[in-house]
Structure formats: structure tokens, C-alpha cells
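[1] Next comes the sequence, and after it the predicted model I'd like to discuss.
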Amino acid sequence: MRPELPLSLVAEYAFCPRAAWLSFVAGQFQPNAFTVEGALLHRRVHRPAGPEGRPRRFRRVPVWSHRLGLYGYADLVEQYGPHFVPVEYKRGQAKVSWSDQIHVALVALCLEEMLGVSIPRGFLFYFGARRRVEVPLGPDLRRAAVRAVQATRELVAQGAPPPAQSGPRCRGCALAPACLPHPLRAAKEEA
């Protein structure tokens, strides 16, 4: 059986393969203001609770997929009769990123396997905007999520991280000091 991967690592891979390798394989993660803020915001979402209200809401739901070799947590799962909808919470404004879409798709794939249901859509809730954005879980996104799992598995088997590439996503990244060589870091700070 394939080794199991944290679902959040695959989402991190979709954001930045080098950061995923450095945090998971090399243990280089150092919290910064953004990661601490995200953790604090998620504490509210993950407060212990069972089914509540209408729709029924389940918080911090353990999810897994034996087929994909994944495990993790869904921030929130809403149940509307026989239908389930995953909601992933993100800090910041409503700028839907590819990694955020991959994240909600992976949660949905796990729930589908666990519950034997079809989940056609999920949502991303952005704390900064205080609003939800619908994510249609079509075949292209599902295939991309499965490819990201395979690529993440290959990545963590490597003996070294992918090369550093400075870009806009590096702003505010907790791994920038460990990730970017000094000339790239200096160019990033000047931008």
C-alpha cells in the first residue's frame, strides 16, 4: 500500500512544490504572522461541535481516501438531506487560487469515498472577505487533484527540493528564509 499523505501537503504542493518539500521532508516550517493568523481563525471553525441547525453542520471532520492514500480534515461539512457539501476556510480576501480549489476537491474526493455519495460542488470561505465562493467539482479539477496527489508522492520521495523560483506567492511565505537563496531573497525584498 502507498504511504499516506496529509491532504494539506498536497494542497501546499499545488501552491508551491518547493515549500511542500521543505516543510514535509526537511521539516523547515517556521510560523509567521500569516500562518499564526490562519491557525487562530481555524480554531474558531474547528471548535468541537456535532450536528447543529439546518443544514446540519459538522466541524473538523476527519477525512481519508484509501484509493488516493490521503488523510486530513474537512473544516466544515454541511448536510442537506442526502447531500454533503465541504466548506474549506482560508484567511485573506476572496482570491480563489488553484491550490485552494485543489484543497476543496481533495476533501470532496475523500468524502465521496467515505460516504459513497457524489459531491458536485464545494465552497471556499475567505475570512477577510467574509464570504463564500462556490467551487464546481468538475472532471478537470478532479483529475488535477488526483495528479497533484501523484506528483506530491513523487516529490517527497526526492532527495532534494525542486529549484527555488522567486515570485509573487513568496510574499509572506513562512518558508522564504529557508527556501530562497540570498540573491533571490534580495530581489524579492526589493520588489
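    It's in.
[2] so where is this protein shaky, pLDDT-wise?
    Counting by pLDDT under 70, the chain has low-confidence residues at 1-3, 29-53, 181-191.
[3] could you pull out the helices for it?
    Along the chain, counting by DSSP state H, helices occupy 7-15, 17-24, 33-45, 98-115, 139-156, 176-179, 182-190.
[4] quick one: which of those is nearest Arg169?
    helix 7-15 (6.5 Å; Cβ to Cβ). C-beta here means a position set from N, CA and C on the backbone, and glycine is covered the same way.
[5] what angle separates that closest one from helix 17-24?
    150 degrees (axes from the mean of the first three to the mean of the last three Cα atoms, to 10 degrees).
[6] contact partners of helix 7-15?
    The contact list for helix 7-15 (Cβ atoms under 8 Å, 6 or more residues apart in numbering) reads 19-20, 23-24, 63, 70-73, 97-100, 102-103, 106-107, 110, 145, 148-149, 151-152, 155-156, 169.
[7] Restrict these to the buried ones and give me that as a PyMOL selection.
    Buried residues within these, by 16 or more other Cβ atoms under 10 Å, are selected in PyMOL with:
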select buried, resi 19+20+23+24+63+70+71+72+73+99+100+102+103+106+107+110+145+148+149+152+155
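[8] Now tabulate the helices of the chain in JSON lines and tack on distance to Gly122.
    As requested, the helices of the chain are exported to JSON lines (distance: least, Cβ to Cβ, whole Å):
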{"stretch": "helix 7-15", "distance to Gly122": "13"}
{"stretch": "helix 17-24", "distance to Gly122": "22"}
{"stretch": "helix 33-45", "distance to Gly122": "15"}
{"stretch": "helix 98-115", "distance to Gly122": "4"}
{"stretch": "helix 139-156", "distance to Gly122": "10"}
{"stretch": "helix 176-179", "distance to Gly122": "30"}
{"stretch": "helix 182-190", "distance to Gly122": "33"}
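[9] Would you mind saying which of those lies nearest Arg56?
    Arg56 lies closest to helix 98-115 among the helices of the chain, at 13.3 Å (Cβ to Cβ).
[10] name the helices or strands packed onto that closest one?
    Packing contacts for helix 98-115, counted by 3 or more Cβ pairs under 8 Å, 6 or more residues apart in numbering; DSSP states H and E, involve helix 7-15, strand 56-65, strand 70-80, strand 83-90, strand 121-126, strand 131-136, helix 139-156.
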